[in-house]
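Asks: Whatever this is, show me its structure:
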Amino acid sequence: MKTVRLTVGQAIVRFLDNQYISTDGKEEKYVNGVFGIFGHGCVVGLGEALQEPNHGLKFYQGHNEQGMTHAAIAYAKQNNRRKIMAVTSSIGPGALNMVTAAALASVNRIPVLLMPGDAFACRQPDPVLQQVEQFHDYTVTANDAFKAVCRYWDRVSRPEQLMTALMNAFRVLTDPAQTGAVCLALPQDVQAEAWDYPESFFRKRVHYIERRTLSPEALDRAAKIIAGKKKPLAICGGGVRYSEAGKALADFCSRLGIPFGETQAGKSAVVWDHEMNLGGIGATGGLAANQLAPQADLIIAVGTRLSDFTTSSKWLFKNPDAEFLSLNVNSFDALKMDAHAFICDAREGLTALEGSLAKKGYHADWGSAVADAKAAWKTEVDKLYAAELPGNSYSQLRALGLLNEELLDDDAIVVGASGSLPGDLQRVWRPKKRETYHMEYGFSCMGYEVSGSFGVKLAAPEREVYAMTGDGSFVMLHSELLTSIQEGQKINVLLFDNNGFGCIDNLQRSQGIPKFGCELKFRNPETGRLDEGGKPVPVDYAKIAEGYGCKVWTVHNSEELRKAMSEAKKSTVSTLIDIKVDFDSMSGDYESWWRVGTPEVSLKQSVLDAHERLIKEIAKARQF
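Replies: Below is the predicted model of the structure:
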C-alpha cells in the first residue's frame with residue numbers, strides 16, 4: 001500500500017479538494033472553497049496547508065465567524081445543496097461564534113462543514129489561551145457546544161482518526177435526508193502532526209445523489225389516497241427547490257387541477273403567476289392560500305418540514321375530513337401532522353403520481369375557486385403596492401412594490417431572514433423567474449441577510465443580489481459586507497430603516513402589551529425605560545457602509561428610491577440604500593394565526609383578554 005506523509009491539516013485540504021458530487025449524471029466539484037478567520041488555534045495547522053498553492057480550494061477571509069458561516073450556508077442553499085464551502089476558526093470564542101450558524105444550517109437542512117480549532121489533545125500546555133475548563137469533565141471543550149446543533153460531530157484527537165472522521169462527515173453532508181451542519185473539532189497540536197496516509201484515501205471521490213422513487217405499491221397507495229379526495233391542496237417546500245422539482249410540481253398541479261401554496265423555502269420554485277400558485281401559505285401567507293387551505297380535504301406536503309409558520313401553528317387546516325400526505329426524503333419530516341408518509345425524491349414522486357392519476361382520469365374539484373382566490377389576492381397586493389401614507393411617511397410595502405414591479409431585474413435574487421420583511425415578502429413578493437427568492441426562515445436568524453447575500457453572490461456571480469434587511473438586523477451583523485468589498489463581489493443592501501424592531505413591537509401590542517423595548521429611541525438612564533415621546537436615535541446607516549467602501553444613498557420616497565436604484569445598478573462595488581420607512585407600514589395577517597405564549601396572569605386586562613383569545617384558538621388547532 002502506497003502512503004504519503006502529511007500533517008492532518010494538509011490531509012484535510014487534499015481530501016476536500018478531491019470530493020465531487022453527481023446528480024442526474026452531472027458531475028461537479030463539491031467543496032469549492034474555505035472561509036476562515038485565523039487565530040492561534042488554526043493558523044499554523046490547517047492555515048499552513050491552505051496557504052500552499054498545491055490545491056484548488058479558494059480561501060475567503062471572513063470578518064465574523066457567524067457571518068462567514070452564514071455566507072457558506074447561503075452558497076450551498078443557492079446551489080440547491082450541490083456545492084458547499086468549508087469554514088474554519090480558532091478555538092474558544094471564534095469557534096463558539098459559529099454555533100448559531102450551525103443551528104441555522106441544521107434547521108434548514110443545508111450542508112456546511114465546520115472545522116473549529118480545539119484545545120491541545122496532549123494537554124501539556126493546558127490551559128491554553130481561550131480554553132474552557134470544566135471541573136467535572138476534562139474532555140469537554142467549547143466545541144462540545146456544537147453537538148446540540150450538528151447532524152454529525154467528531155473530534156480528531158489522533159492523526160489516523162481523520163480518515164473515519166472525514167468519511168462520515170461526507171456521508172452526512174451528501175445525504176439529502178440527513179444533511180445539515182457537520183463539525184470536526186481539530187485540536188491545534190493534532191492539526192500539525194503527521195501520519196503516513198494511504199494514497200488511496202485522497203483519490204477522487206464521487207458522491208452519487210440518487211433520486212429515491214416510489215415503489216409500485218407505494219405509488220398505488222398514494223394515488224388512491226389522492227384520487228379519493230375532491231379538494232386536495234399542495235404545499236411547495238424547500239425540498240422542491242433542492243430536488244429541482246419546480247417544473248414537476250407545476251405540471252402535476254396544472255394537469256390535475258391541484259392548487260398549491262408556498263413556504264418561505266419553496267417560494268420561487270415556480271413563478272408567481274402560475275395558474276395554480278396561490279402564493280405564501282400560513283402565518284405569513286396571503287389571502288388566496290389561507291382561504292382555500294381550510295377547505296382542503298387533503299394536504300399534499302412536498303419537501304416541507306411543516307413548521308408552525310407554514311401550518312399556522314396547526315390551526316389552518318380546518319376541514320374535519322382533511323388528511324395529510326407527505327412526499328419527503330426525510331422520514332422525520334414526512335411523518336409530521338400524522339401524514340401518510342412517502343419517502344421519495346420530490347421530482348420523482350410528483351412525476352410518478354402525475355402519470356398514475358392522469359391514467360385514472362383524476363382532476364380535483366375546485367371549480368372556479370382557485371382562479372377567484374388568485375384574482376382577489378392580486379387585487380389586494382396591487383392595492384398594497386400602490387398605498388401611500390399621509391405626510392412625509394414612506395410605506396415599506398410601497399417600496400417593495402416599486403422594487404418588485406419596476407426597479408429590480410427579473411433574474412435578480414432577493415435575500416432575507418428576519419423581522420417584518422419575511423412576512424411582507426412571502427405575502428406580496430412576485431418572483432418572475434425561478435430561484436430568485438432566497439429566504440432563511442427556518443431559524444429566522446438576524447444578521448443572515450448581508451452575509452447570506454455574499455454567499456449567494458458567490459453562487460450566482462452573474463446576477464444582482466439584494467439583501468432585504470431591517471435596521472435591527474443590519475446592526476446585529478453585517479461583517480461580510482466588508483468581505484464583499486475585499487473580494488470584489490458586488491452585493492446590494494436594501495436597508496428598511498423603521499427605527500427599531502417593528503415586527504416584534506407589532507406582536508407585542510397584538511397581545512395587549514404596551515410598547516416596550518422595541519423602538520430605537522433614547523432611553524432614560526435612570527429608569528432604563530423610554531420617556532414619553534422619546535426621540536429616535538439618528539443613525540446614519542449609509543455612512544456606516546460608506547466607511548467600508550460601499551456606494552450609498554439615503555431615500556425617503558419613491559422618486560429618491562428610483563434614482564438610487566438606477567445609480568446602484570451602475571456601481572461596480574457593493575451598495576447600500578438606506579430606505580427610511582414608517583414604523584407601522586408592514587402588512588397584516590390574512591386569515592391566519594400564530595401561537596405565542598401570552599401570559600395567563602397579568603395586571604393588564606388587555607393581556608388577559610389576549611390570553612382568552614389564545615385559549616379559544618388553541619381549541620381549533622390540531623394537536624399533532
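Asks: What helix or strand is L576 located in?
Replies: Under the criterion DSSP states H and E, the helix or strand holding L576 is strand 575-580.
Asks: Paired strands for that strand, with orientation please.
Replies: When sheet partners are counted by DSSP bridges, strand 575-580 sits next to strand 492-497 (parallel), strand 551-555 (parallel).
Asks: Only the buried residues of stretch 341-360, if you could.
Replies: The neighbour-count criterion (16 or more other CB atoms under 10 Å) identifies 341-354, 356-357 as the buried residues of stretch 341-360. No exception for glycine: its C-beta is placed from N, CA and C like everyone else's.
Asks: One more: stretch 326-336?
Replies: Residues of stretch 326-336 classed as buried under the neighbour-count rule (16+ other CB under 10 Å) are 326-330, 333-336.
Asks: re earlier: extract the CA atoms of the strand holding L576 and return them as PDB.
Replies: Taking Å, rounded to 0.1, in the frame of the first residue of the first chain, the C-alpha atoms of strand 575-580 are listed here in PDB:
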ATOM      1  CA  THR A 575     -24.000  49.300  -2.400                       C
ATOM      2  CA  LEU A 576     -26.400  50.200   0.400                       C
ATOM      3  CA  ILE A 577     -29.600  52.100   0.100                       C
ATOM      4  CA  ASP A 578     -30.900  53.300   3.500                       C
ATOM      5  CA  ILE A 579     -34.700  53.500   3.000                       C
ATOM      6  CA  LYS A 580     -36.400  55.400   5.700                       C
END
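Asks: contacts for it?
Replies: Applying CB atoms under 8 Å, 6 or more residues apart in numbering, the set of residues contacting strand 575-580 from outside is 394, 399, 481, 490-497, 540-542, 545-546, 550-556, 561, 564-565, 568.
Asks: Among the strands paired with strand 575-580, which comes closest to L113?
Replies: strand 492-497 (27.4 Å; CB to CB).
Asks: Name the residues of the helix-or-strand element of the chain with minimal mean pLDDT that are buried.
Replies: Among the secondary structure pieces of the chain, namely its helices and strands, helix 502-510 has the lowest mean (mean pLDDT, DSSP states H and E), a mean of 86. Across helix 502-510, burial judged by 16+ other CB under 10 Å covers 502-503, 505-506, 508-509.
Asks: and which of those is nearest T88?
Replies: Distance to T88 across the buried residues of helix 502-510 (CB to CB) is lowest for C503, with 34.1 Å.
Asks: And stretch 172-189, what's buried?
Replies: With the criterion 16+ other CB under 10 Å, stretch 172-189 contains buried residues 172-176, 178-189.
Asks: Check stretch 49-57 too.
Replies: When burial is assessed from 16+ other CB under 10 Å, stretch 49-57 yields the following buried residues: 49-50, 55, 57.
Asks: Please apply the same query to stretch 263-280.
Replies: Within stretch 263-280, the residues that qualify as buried by neighbour count (16+ other CB under 10 Å) are 263-272, 274, 276-280.
Asks: Buried ones only from the contacts of strand 575-580, please, as a PyMOL command.
Replies: Applying 16+ other CB under 10 Å to the contacts of strand 575-580, the buried members can be selected in PyMOL as follows:
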select buried, resi 394+399+481+490+491+492+493+494+495+496+497+541+542+545+550+551+552+553+554+555+561+564+565+568
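Asks: still on that earlier bit, which residues are in contact with the helix or strand following the strand holding L576?
Replies: Sequence-wise, the next helix or strand downstream of strand 575-580 (DSSP H and E) is helix 605-620. When contacts are defined by CB under 8 Å, 6+ apart, helix 605-620 is touched by residues 315, 318, 510-513, 593, 595-596, 598-602.
Asks: angle of helix 605-620 against helix 502-510?
Replies: Using axes from the mean of the first three to the mean of the last three CA atoms, to 10 degrees, the interaxial angle of helix 605-620 with respect to helix 502-510 works out to 100 degrees.
Asks: still on that earlier bit, can you list contacts of the next helix-or-strand element following the least confident helix or strand of the chain?
Replies: Towards the C-terminus, the helix or strand next in line after helix 502-510, according to DSSP H and E, is helix 541-548. With CB under 8 Å, 6+ apart as the contact definition, helix 541-548 has outside contacts at 471, 474, 478, 481-482, 485, 493, 495, 497, 552-554, 574, 576-578.
Asks: Helix 541-548 to strand 575-580, inter-axis angle?
Replies: 160 degrees.
Asks: Kindly format the C-alpha coordinates of helix 541-548 as PDB.
Replies: Listed next in PDB are the C-alpha coordinates belonging to helix 541-548 (Å, rounded to 0.1, in the frame of the first residue of the first chain):
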ATOM      1  CA  TYR A 541     -26.500  53.600   8.200                       C
ATOM      2  CA  ALA A 542     -25.400  54.800   4.800                       C
ATOM      3  CA  LYS A 543     -22.400  56.400   6.400                       C
ATOM      4  CA  ILE A 544     -21.500  53.200   8.100                       C
ATOM      5  CA  ALA A 545     -21.500  51.300   4.800                       C
ATOM      6  CA  GLU A 546     -19.600  54.200   3.100                       C
ATOM      7  CA  GLY A 547     -16.800  53.700   5.600                       C
ATOM      8  CA  TYR A 548     -16.400  50.100   4.200                       C
END
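Asks: Let's see which of the buried residues of stretch 326-336 end up in helices.
Replies: When the buried residues of stretch 326-336 are checked against helices (DSSP state H), the matches are 333-334.
Asks: So of the buried residues of stretch 326-336, which two are at opposite extremes in space?
Replies: Between any two of the buried residues of stretch 326-336, the greatest separation by CB to CB is 13.8 Å, found for V329 and K336.
Asks: what's around F15, how many residues?
Replies: 22 (other CB atoms under 10 Å).
Asks: Work out for me the element the residue nearest to Q51 when sequence neighbours are not counted sits within.
Replies: Counting by CB to CB, 6 or more residues apart in numbering, the nearest residue to Q51 once its immediate chain neighbours are dropped is F59, at 7.8 Å. Secondary-structure assignment from DSSP H and E places F59 in strand 58-61.
Asks: who touches that strand?
Replies: By CB under 8 Å, 6+ apart, the list of residues contacting strand 58-61 reads 32-37, 50-51, 68, 71, 85, 483, 486-487.
Asks: Out of these, name the two that are farthest from one another.
Replies: Q51 and A71 (20.6 Å).
Asks: after the strand holding F59 comes which helix or strand?
Replies: The first helix or strand that comes after strand 58-61 along the chain, using DSSP H and E, is helix 65-78.
Asks: so how far is that next one from its chain's centroid?
Replies: In terms of CA atoms, centre = their mean, to the nearest Å, the centre of helix 65-78 is found 10 Å from the chain centre.
Asks: where along the stretch 101-250 of the chain do the strands fall?
Replies: If DSSP state E, counting those that start in this stretch is used as the criterion, the strands of the stretch 101-250 of the chain fall at 112-118, 152-155, 181-187, 194-198, 205-209, 232-236.
Asks: returning to that earlier point: now, the buried residues of stretch 341-360 that are in strands?
Replies: For those, the ones inside strands are 341-343, with DSSP state E as the criterion.
Asks: Can I get those in a markdown table including pLDDT and distance to S106?
Replies: Written out in a markdown table, the entries for these read as follows (pLDDT from 0 to 100; distance: CB to CB, whole Å):
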| residue | pLDDT | distance to S106 |
| --- | --- | --- |
| A341 | 98 | 21 |
| F342 | 98 | 24 |
| I343 | 98 | 20 |
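Asks: related to what we said a few turns ago, and for the residue nearest to Q51, the neighbour number?
Replies: Summarising burial for F59: neighbours were counted as other CB under 10 Å, giving 15.
Asks: try A460
Replies: Around A460 there are 19 other residues, counting by other CB under 10 Å.
Asks: and it, what does it touch?
Replies: With CB under 8 Å, 6+ apart as the criterion, the residues that contact A460 are 78, 413.
Asks: Quick check: it vs M276, distance?
Replies: 27 Å (CB to CB, to the nearest Å).
Asks: Y242 too?
Replies: In this structure, Y242 lies at 21 Å from M276, with CB to CB as the measure.
Asks: so for stretch 439-446, what's the average pLDDT?
Replies: With pLDDT averaged residue by residue, stretch 439-446 scores 96.
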